[in-house]
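Colleague: I'd like to go over a predicted model; first the sequence, then the structure.
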Amino acid sequence: MGIIKKVPVYAEKFPGGGIITTSLNYIFSQSQASSLWYLLFGTACCAIELMATGASRYDFDRFGMIFRASPRQSDLIIAAGTITKKMAPRLKLLHDQMAEPRYVIAMGGCTVGGGPFYYDSYAVEKGIDHIVPVDVYIPGCPPRPESLFEGCLKLQEKVKLQKIQDWS
Amino acid sequence: MTEGLRTEEFQVNMGPHHPSTHGVCRFILTMDGEVIVRAEPVIGYLHRSLEKICENRTYAQCIPVMDRFEYCTSMCCNEVFALAVEKLAGIEVPEYAEYLRVIMMELNRIASHMIWYGTTALDLGAITPFLYSFREREDILDMFEMTCGQRLTYNYIRIGGVSKDIPPEFIPKCKEFLATIDHKIDDYERMLTENPIFMVRNKGVGTLSPEMAIAYGVSGPSLRASGIKYDLRRDDPYSIYNRFKFDIPVCHNGDCYDRYIIRIKEMRESAKIVRQALEQLPNAEVNTGKMVKANFKPAKGEVYSRIENSRGEMGVYIQSTGDTKKPLRVKMRGGSYNQLQVMPELVKGVKIADVVAIMASLDIIMPEVDR
Amino acid sequence: MTFEELTTYLTEKFGDKLELLETGKFEPFFLIKKENLVEICEAVKTDDKLLIDFLCNIGAIDTGEKFEIVYNLASIKKNIRFDLKLVMEYEGAEVDSVQEVWPCSNWYEREMWELYGINIKNHDNLTRFLLPDEWDQGHPMLKNWDAPDFKRMPEVE
Ligand code: SF4
């Protein structure tokens, strides 16, 4: 019963079962936070770290994060890797194709602000936050899988706090 | 009745965001039914202008930029740049550092082939091999991490030597890894080598003739799968590769399956080299070399140095004017650039599903193409 | 072939069409004229002693005064390596394509055309491929190139 105490539910027992009453908001945000499916959008070095995170040792699945190849099926873009000026419109397009509510994690220095390509590069977009809205920034070049976990947990906290009324 | 029937060509756009294009390559495929008539690769989605960046960095600062050139084998990228500058400036690398370099590069080659193994299987629809190969890759990354603190972009091999000595726990860990790697590779082989689905998808697909391979500048494992025994570690020895005994695996059909076999065999050979290097590692003097300073200026000159990395010949051309701290020009050459260039020839007349198999077997990685 | 053998062989074969540069201390670098480029390339490819079948790399260089183009060549069968170099003025920079000799030169030349603005004669597909399609800021690899959002790394001592 420990967990029941902490969550906003009203439970009533009767022989052979019980009824739980809770808010719609709570149900939606909880279930969404624990199954954030991400779009496989890896462009450069950080994508290898993203792959390693999804593989055996780090096992991304235990956070309920599974990769999808199509934007229509995903809730989250983990932008892993450099976004160049040529790639930027594609990122925007993919973001637009996702259904609301949608989230963006900027993984790695490149997507946060240009990273190692801030100076002297004519082709790299300096941060993706002027292309798509970013929810969580994860610095690092590349960030370790642990930092990616931290970022995802932060995002889950954010998702849990949101209200249905906020969905546009 | 048949007079009215005719087929029409149409175009299919594959990429740039496609899970099996290994990053961000895009193909415009002209199709007749399910058969490809023409394919045109469109690249540049990852063009980060590394060459321009290098022109505005000092020599020592170029090494981290080289890491991002081909991140699956960053050690080799470091080495090729360091090698070129050492040639220009006439720097001698201590023997101990040379051994460390070889150990790191060969471990990195194994790690890179493991990525290739996992993603190739993934592209062809098998998920399990990916999980297996990444499990062993983590062991290699642990070793790198305890040496230089990074998992992917190492900046370890510097001009004049290596950045620091290996920690004491490296050698036991490495020996443990080498003791099991052969069994692990046997496991890999058991999963794919005689797997009927894998064989059907790969045998006789994407055959690259030796003449075409040379004409298009294909190098590395893809060239050796076409029957040409050419490996820069033996033919143009750099570092101390002439002190080790290893075989150069060759196959003769030049199809996707042969390219698979070659890489599997190469992993074993690399493990052999690491074993020998660990044995010969001079214990007497620990000398990791002297790093160059920020205001280091090599003499006027130009040099093209090349090494064998896991995707073929990796080269870098450097021109120095002799009076500035920065190189006048750094031109990088990656094996994938030429491998992608030959793709339109290989995919002519195959089904669309085979494009993925061919691309995976050539082991194309986009940053090396776009730079 | 050693360095000396190779240089003597090449200078004997081509006479004054080649000039050995002393900047290449580690491998033979030859300066050639752009009129002779295709002819020399064909000759080194078919020569029995050289059999240069492998084009490693083509790179253009903007030295601040002139353009240079370097061809890094290798032979797989004979295991030889040397380089050819062209020098030309900015004005009307133009070079013949060596696509007939080594098909892989196609992309290298296309890249040169795109990033440096060197025109390539007899090239079958001179279209933009590394830069975005809507790019209108000129040739970014030139030394004096600049753009509003292009930042140079500050000098640190
Ligand atoms: S942040 Fe670093 S590791 Fe990540 S894509 Fe950029 S350069 Fe690569």
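Modeller: Okay, I see it. Numbering: from 1, shown residues only, chains lettered A, B, ... in the order given.
Colleague: Let me know whether residue C:59 touches residue B:328 as I believe.
Modeller: No: between residue C:59 and residue B:328 there is no contact under Cβ atoms under 8 Å: 11.3 Å. Where you see a C-beta, it was placed from the backbone N, CA and C, and this is true even at glycine.
Colleague: So between those two, which is more surrounded?
Modeller: In this view residue C:59 and residue B:328 are compared by other Cβ atoms under 10 Å in any protein chain shown, and residue C:59 has more residues nearby, 27 against 19.
Colleague: how close does that one sit to residue C:69?
Modeller: Residue C:59 sits 7 Å away from residue C:69, going by Cβ to Cβ, to the nearest Å.
Colleague: And residue B:87, by the same measure?
Modeller: 21 Å.
Colleague: Repeat that for residue B:223.
Modeller: Residue B:223 is 26 Å from residue C:69, by Cβ to Cβ.
Colleague: ok, the closest residue in space to residue A:102 that isn't next to it in sequence - contacts?
Modeller: Among residues not flanking residue A:102 along the chain, residue A:75 sits closest, at 6.1 Å (Cβ to Cβ, 6 or more residues apart in numbering or on different chains). Applying Cβ atoms under 8 Å, 6 or more residues apart in numbering or on different chains to residue A:75 gives the contacts A:32, A:36, A:37, A:38, A:98, A:101, A:102, A:103.
Colleague: Kindly recompute the last result at 10 Å.
Modeller: Applying Cβ atoms under 10 Å, 6 or more residues apart in numbering or on different chains to residue A:75 gives the contacts A:32-33, A:35-39, A:65, A:68, A:98-103, A:155, A:159.
Colleague: before we move on, what about residue B:239?
Modeller: Contacts of residue B:239 by Cβ under 10 Å, 6+ apart are B:79, B:82-83, B:93, B:97-99, B:101-102, B:105, B:157, B:233, B:307.
Colleague: ditto for residue A:9
Modeller: A:3, A:20, A:21, A:22, A:23, A:26, A:27.
Colleague: What subset of these is buried?
Modeller: The neighbour count (16 or more other Cβ atoms under 10 Å in any protein chain shown) marks nothing among the contacts of residue A:9 as buried.
Colleague: from the residues you listed, which has minimum pLDDT?
Modeller: Ranked by pLDDT, the contacts of residue A:9 bottom out at residue A:3, which has 54.
Colleague: Remind me which helix or strand whatever residue of chain B ends up closest to chain A belongs to.
Modeller: Residue nearest to chain A within chain B: residue B:134 (3.4 Å; Cβ to the nearest Cβ). Element membership of residue B:134, judged by DSSP states H and E, is helix B:128-148.
Colleague: Show me what the helix or strand just after that helix is packed against.
Modeller: Scanning forward in sequence from helix B:128-148 by DSSP H and E, the next helix or strand is strand B:157-158. Applying 3 or more Cβ pairs under 10 Å, 6 or more residues apart in numbering or on different chains; DSSP states H and E, one finds that strand B:157-158 contacts helix B:59-67, helix B:74-89, helix B:95-123.
Colleague: Check residue C:7 and give its pLDDT.
Modeller: For residue C:7, pLDDT reads 77.
Colleague: quick one, domains of chain A?
Modeller: A:1-33, A:35-160 (automatic domain parsing).
Colleague: tell me the most buried of these?
Modeller: When the domains of chain A are scored by mean count of other Cβ atoms under 10 Å in any protein chain shown, the highest mean neighbour count falls to domain A:35-160 (a mean of 20).
Colleague: what is the mean pLDDT for that domain?
Modeller: 86.
Colleague: just the strands in the stretch 151-300 of chain B please.
Modeller: Ranges of strands in the stretch 151-300 of chain B, per DSSP state E, counting those that start in this stretch, are B:157-158, B:161-162.
Colleague: what's the closest of those strands to residue B:333?
Modeller: strand B:157-158 (18.4 Å; Cβ to Cβ).
Colleague: Neighbour count: residue B:223 and residue C:69, which is higher?
Modeller: residue B:223 (30 against 22).
Colleague: Quick check: closest non-adjacent residue to the more buried one.
Modeller: Using Cβ to Cβ, 6+ apart and skipping residues adjacent in sequence, the residue nearest residue B:223 is residue B:213, 5.2 Å away.
Colleague: give me the number of residues near that neighbour?
Modeller: There are 25 residues near residue B:213, going by other Cβ under 10 Å.
Colleague: Include neighbour count, pLDDT and distance to residue C:147 when you put the contacts of residue B:239 into a markdown table, please.
Modeller: Converted to a markdown table, the contacts of residue B:239 look like this (neighbours: other Cβ atoms under 10 Å in any protein chain shown; pLDDT from 0 to 100; distance: Cβ to Cβ, whole Å):
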| residue | neighbour count | pLDDT | distance to residue C:147 |
| --- | --- | --- | --- |
| B:79 | 27 | 88 | 34 |
| B:82 | 29 | 89 | 32 |
| B:83 | 21 | 88 | 34 |
| B:93 | 24 | 85 | 40 |
| B:97 | 22 | 86 | 41 |
| B:98 | 20 | 86 | 43 |
| B:99 | 21 | 87 | 46 |
| B:101 | 26 | 88 | 39 |
| B:102 | 24 | 88 | 43 |
| B:105 | 27 | 89 | 38 |
| B:157 | 31 | 88 | 34 |
| B:233 | 20 | 85 | 42 |
| B:307 | 22 | 89 | 35 |
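Colleague: From these, pick the one nearest chain C.
Modeller: Nearest to chain C among those, with distances taken as Cβ to the nearest Cβ, is residue B:83, at 10.7 Å.
Colleague: May I ask you to confirm that that closest one is in contact with residue B:307?
Modeller: Yes: between residue B:83 and residue B:307 there is a contact under Cβ atoms under 10 Å: 6.8 Å.
Colleague: Can you check which residues contact both of these two?
Modeller: Common neighbours of residue B:83 and residue B:307 (Cβ under 10 Å, 6+ apart) are B:238, B:239, B:316.
Colleague: Dump those to JSON lines, plus pLDDT.
Modeller: What follows is the shared contacts of residue B:83 and residue B:307, written out as JSON lines (pLDDT from 0 to 100):
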{"residue": "B:238", "pLDDT": "83"}
{"residue": "B:239", "pLDDT": "81"}
{"residue": "B:316", "pLDDT": "89"}
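Colleague: Restrict those to those that also contact the ligand, please.
Modeller: Applying Cβ under 6 Å from any ligand atom, the subset of the shared contacts of residue B:83 and residue B:307 adjacent to the ligand is empty.
Colleague: Pick the one among the residues you listed closest to chain C.
Modeller: residue B:316 (8.9 Å).
Colleague: Just confirm that closest one is within a strand.
Modeller: Yes: under DSSP: H, G, I helix; E, B strand; the rest coil, residue B:316 falls within a strand.
Colleague: Any part of stretch B:321-337 near chain A?
Modeller: No: using Cβ under 10 Å from any Cβ of the partner chain, stretch B:321-337 never reaches chain A; the gap is at least 10.8 Å.
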